[in-house]
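[1] Kindly return the folded structure for what I paste below:
(4 chains)
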Protein chains: 4
Amino acid sequence: MKVTLLSYTPEPDRVVATAARLCYSPRAADELWEELTVEKQKEFLAKLWNYGHYSPFEHASFTFALTGVSRALSHQLVRHRIASYAQRSQRYINETDFPVVVPPTVQRDPRAEAEFTNVIRQIREGYKRLVALGIPKEDARYLLPNACATQLIMTMNARSLFNFFALRCCRRAQWEIRELAWEIRRQVLMVAPLIFAQTGPACLVKGECPEGPMTCGEPYTWSEVAENAGR
Amino acid sequence: MKVTLLSYTPEPDRVVATAARLCYSPRAADELWEELTVEKQKEFLAKLWNYGHYSPFEHASFTFALTGVSRALSHQLVRHRIASYAQRSQRYINETDFPVVVPPTVQRDPRAEAEFTNVIRQIREGYKRLVALGIPKEDARYLLPNACATQLIMTMNARSLFNFFALRCCRRAQWEIRELAWEIRRQVLMVAPLIFAQTGPACLVKGECPEGPMTCGEPYTWSEVAENAGR
Amino acid sequence: MKVTLLSYTPEPDRVVATAARLCYSPRAADELWEELTVEKQKEFLAKLWNYGHYSPFEHASFTFALTGVSRALSHQLVRHRIASYAQRSQRYINETDFPVVVPPTVQRDPRAEAEFTNVIRQIREGYKRLVALGIPKEDARYLLPNACATQLIMTMNARSLFNFFALRCCRRAQWEIRELAWEIRRQVLMVAPLIFAQTGPACLVKGECPEGPMTCGEPYTWSEVAENAGR
Amino acid sequence: MKVTLLSYTPEPDRVVATAARLCYSPRAADELWEELTVEKQKEFLAKLWNYGHYSPFEHASFTFALTGVSRALSHQLVRHRIASYAQRSQRYINETDFPVVVPPTVQRDPRAEAEFTNVIRQIREGYKRLVALGIPKEDARYLLPNACATQLIMTMNARSLFNFFALRCCRRAQWEIRELAWEIRRQVLMVAPLIFAQTGPACLVKGECPEGPMTCGEPYTWSEVAENAGR
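    Numbering: from 1, shown residues only, chains lettered A, B, ... in the order given. Prediction:
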């Protein structure tokens, strides 16, 4: 998995703090923009978070290139609807010798890995033979597995990322999208430290698991997250 | 593929016509509701359509159960974001002996079909062996193919369905989602004939293909659509 | 304020329960639909709520006619973006003798009410004179006050209503939209008792106020809500 | 009216072109990003537009501060739901001596202007007296007119801006939001000339008016737009 932050709203902390201030201040927007020192940004963003007023966080957006993720992951990912996606098409691109994502549980077990590799090989050959028989790529791809690697460009605003982290940094999320969520969190924290300071899985943010009886029973702690970014 | 219209806004034509009337009439909403004869509904909905005012169409929603569609289809389908989905989980449901969707191009060619069936068999066995080895279902499923059948419940409002039909009834859409789009159109036409009277692929609705140089060159005609519902 | 539930997804509790079941059951959607007794609906919806899985609630939609609400309210209301609206147009409808919404704090104070009534009268006359001078209605309306009554048709799905109640049933919401939120809650509870059983302002639902230091300090209690529907 | 482009996705043309390329290219996202010369960006964006593939345009966002616009405008503006807003609150900010937006039709007619000014003065005094009587600001504001100036921060992605321009640059849109739409178009054209080259009111973009019988009968022309940015 390779995650690249391609582009994002410049000065995201300032943009969000200005939007937040504007609602309650008689001052003009440009003045607010100018006078927001980092100290004041910090103060206002902490307040926003404490008051549970999330809409100003929508004004900062982040665009990522995601490479080497599986179609299992992408099918989960695009269920997040307040976001934009461009995805590599299996209808138009020839997928002979497609790369795969191998789950760690499979990697750790030599018998499982041999089995996995063998089936992937059969699929690759089957795909190739179907294409050779004149089957359109868009139909030959019905054989392609969830493991097949794909590539996406994704844009989400900060508020939508909060929700993404709450659900997908969770230990009950599948390992692959969880890894993605923590990696994205690591990268946005570097460029918008004030916005994302308090974000993460719901257990970390709210102090308790919202999944009720389906809880994993091992809530994340801030010190654990600080040490290894949760992975 | 099995498509069942589970539920929908009752009297969808009347709901939409009332919403449309309300914007321009000094009358009270309940009176408008009462006085809208089918004749008047017809008149107002035709006007709405001609004026290009689509927002009133959002007030009628339609909920479908979709069975026997592929994961290739569902991955395309959930890209339509102004809609709600519930989908059968491959993480929690055991997919041993999963049913498959076989593309017509494969069905029509005995050699291709033999190849396809053979690879599917290998995948089924691989999946079973991984599960037997203790690999979690959510990881064993990385072998499962796009052909694997899934099941969804989907709700879309009429305006979002217009866009769905414009893009997916198109001959350039993949055959499976095109078949779904036409079948959904057939079913909503039966319960909301006024709302959907003029809907379909963009070529039919606008009178010209919006895909520019990528056009299929065979625009649908109203008579063709009337005869065979476009399939 | 008059609130009329014009239309809604029939059997909303069953629709949502079916969508929820489908994700984790190998059974076909129509069978799930058929076998969901009220008892089982109750069980599954309570589980959904406890697990914090809200997306199935999107499959039930509710359409209301709102009459006699102010433009102050409607400007707040349409900020809820996961919803559909049709609103009486001040550009096309003559607003001579427009009805007004008078805040209770004004009604309770004779001097304030006299002042209020007097200014409204001046506005009505000014509007009339502008129109008589040939000023287009859409420009004369720049004089119309927030108190001016409007009319809307609004459709929201259950999940979006949860958010609407969490924010707008709150004692810190303005009295008019709070009154609307509680009235809508009362009406949807009658037709979808299982879906809405546990909904309300955030303090009631979560057991604590999310507004932090801006809390009103008087969280709602279930017994209070049961007695007077929170008003 | 003052419109300030506060922030936007850097290199918006490149971001969109990369997203578009990714769908159909076997190359890695970062390579695509690097190799996209301005020439190639131009070529791909023109293709996108011709093919009617608009989703890649969602990856570029633009954040504006809007000052000195009326509440009539802001009520129309926030109906655009695929966007984010922060707005000056009339509940929390004292609006004594609120500034107003005066429609040009009123400005041009001395009698109308005198009438308008007079009513605004009455409203200001009424508001002040209500506040002096102890009426909360949030209730006193029921007297405030649509003309009352407000301030917003708004973020829209390019695709949503296309729709905004199509509807609001139209001669049938109200003069104030039309002025805003053309001004925003002017500013985004300067920073993302390739993305917005072909945007504008529907008549300009599609070559014909979509409003059917409600057409103004004077479609914009490209030369007119080039000369005066449509105003």
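[2] For the nearest residue to A:Arg159 once chain neighbours are set aside, which residues are in contact?
    Leaving aside its sequence neighbours, A:Arg159 sits nearest to A:Phe57 (CB to CB, 6 or more residues apart in numbering or on different chains; 4.2 Å). (Glycine included, C-beta is placed from N, CA and C.) Applying CB atoms under 8 Å, 6 or more residues apart in numbering or on different chains to A:Phe57 gives the contacts A:Val16, A:Leu48, A:Asn157, A:Ala158, A:Arg159, A:Phe162, A:Ile195.
[3] Spatially, which two of the residues you listed are the most separated?
    A:Leu48 and A:Asn157 (14.4 Å; CB to CB).
[4] How about the residue most central in space within chain A: what's its closest non-neighbour residue?
    What sits nearest the mean C-alpha location of chain A, by CA atoms, centre = their mean, is A:Ala181, with 4.1 Å. Excluding its sequence neighbours, the residue lying closest to A:Ala181 (CB to CB, 6+ apart) is A:Arg168, at 3.8 Å.
[5] Would you agree that neighbour is in contact with A:Arg178?
    Yes - with contact defined as CB atoms under 8 Å, A:Arg168 and A:Arg178 form a contacting pair (6.0 Å).
[6] More neighbours: which of these two?
    A:Arg168 (25 against 20; other CB atoms under 10 Å in any protein chain shown).
[7] So for the more buried one, what pLDDT did the model give?
    pLDDT for A:Arg168: 97.
[8] Enumerate every residue touching it.
    Here A:Arg168 is in contact with A:Ile177, A:Arg178, A:Leu180, A:Ala181 (criterion: CB under 8 Å, 6+ apart).
[9] ok now stretch A:9-17, how far from the chain's centre?
    Its chain's average C-alpha position is 20 Å from that of stretch A:9-17, according to CA atoms, centre = their mean, to the nearest Å.
[10] again with stretch A:119-128
    30 Å.
[11] CA atoms of the lowest-mean-pLDDT helix or strand in chain A as CSV?
    Ranking every helix and strand in chain A by mean pLDDT, DSSP states H and E puts helix A:222-228 at the bottom, with a mean of 83. Provided in CSV are the C-alpha atoms of helix A:222-228 (Å, rounded to 0.1, in the frame of the first residue of the first chain):
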residue,chain,number,x,y,z
TRP,A,222,-3.7,8.1,23.5
SER,A,223,-0.3,6.8,24.6
GLU,A,224,-0.5,3.8,22.4
VAL,A,225,-1.5,6.0,19.5
ALA,A,226,1.3,8.4,20.2
GLU,A,227,3.9,5.7,20.2
ASN,A,228,3.0,3.8,17.0
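[12] Pull out the buried residues from that helix.
    Within helix A:222-228, the residues that count as buried by 16 or more other CB atoms under 10 Å in any protein chain shown are A:Val225.
[13] residues contacting the residue of chain A positioned farthest from its centre?
    The outermost residue of chain A relative to its centre, with distances by CA atoms, centre = their mean, is A:Leu133 at 38.6 Å. A:Leu133 makes contact with B:Asp109, B:Arg111, B:Ala112, B:Glu115 under the criterion CB under 8 Å, 6+ apart.
[14] Could you export stretch A:81-92 as PDB, CA atoms only?
    Output of stretch A:81-92 as PDB, limited to C-alpha atoms (Å, rounded to 0.1, in the frame of the first residue of the first chain):
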ATOM      1  CA  ARG A  81     -20.300   9.000   0.200                       C
ATOM      2  CA  ILE A  82     -19.100  12.400   1.300                       C
ATOM      3  CA  ALA A  83     -16.000  12.100  -0.700                       C
ATOM      4  CA  SER A  84     -14.800  12.000  -4.400                       C
ATOM      5  CA  TYR A  85     -13.100   9.100  -6.100                       C
ATOM      6  CA  ALA A  86     -11.400   8.300  -9.400                       C
ATOM      7  CA  GLN A  87     -10.500   4.600  -9.700                       C
ATOM      8  CA  ARG A  88      -8.500   2.600 -12.200                       C
ATOM      9  CA  SER A  89     -11.000   0.900 -14.500                       C
ATOM     10  CA  GLN A  90     -11.000  -2.900 -15.000                       C
ATOM     11  CA  ARG A  91     -13.200  -2.400 -18.000                       C
ATOM     12  CA  TYR A  92     -10.600  -0.500 -20.000                       C
END
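[15] quick one: buried residues of it?
    So for stretch A:81-92, counting by 16+ other CB under 10 Å, buried means A:Arg81, A:Ile82, A:Ala83, A:Ser84, A:Tyr85, A:Ala86, A:Gln87, A:Arg88, A:Gln90, A:Arg91.
[16] looking at it, A:Leu144 is touching A:Val100, isn't it?
    No - if you go by CB under 8 Å, A:Leu144 and A:Val100 don't touch, sitting 9.7 Å apart.
[17] and the longest helix anywhere in chain A, what does it pack onto?
    Longest helix in chain A, counting residues (DSSP state H): helix A:110-132. The contact analysis (3 or more CB pairs under 8 Å, 6 or more residues apart in numbering or on different chains; DSSP states H and E) places helix A:110-132 against helix A:104-107, helix A:137-140, helix B:110-132.
[18] Count the residues that sit near A:Asp97.
    8.
[19] pretty sure it contacts A:Glu125?
    No - counting by CB under 8 Å, A:Asp97 stays clear of A:Glu125, with 10.5 Å between them.
[20] Okay, helices next: where are they in chain A?
    A:12-24, A:29-35, A:38-51, A:71-77, A:104-107, A:110-132, A:137-140, A:158-168, A:175-191, A:193-196, A:202-206, A:222-228.
[21] Would you format these as CSV with distance to C:Tyr220 included?
    Below are these laid out as CSV (distance: least, CB to CB, whole Å):
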stretch, distance to C:Tyr220
helix A:12-24, 25
helix A:29-35, 35
helix A:38-51, 18
helix A:71-77, 36
helix A:104-107, 47
helix A:110-132, 53
helix A:137-140, 55
helix A:158-168, 25
helix A:175-191, 34
helix A:193-196, 31
helix A:202-206, 20
helix A:222-228, 31
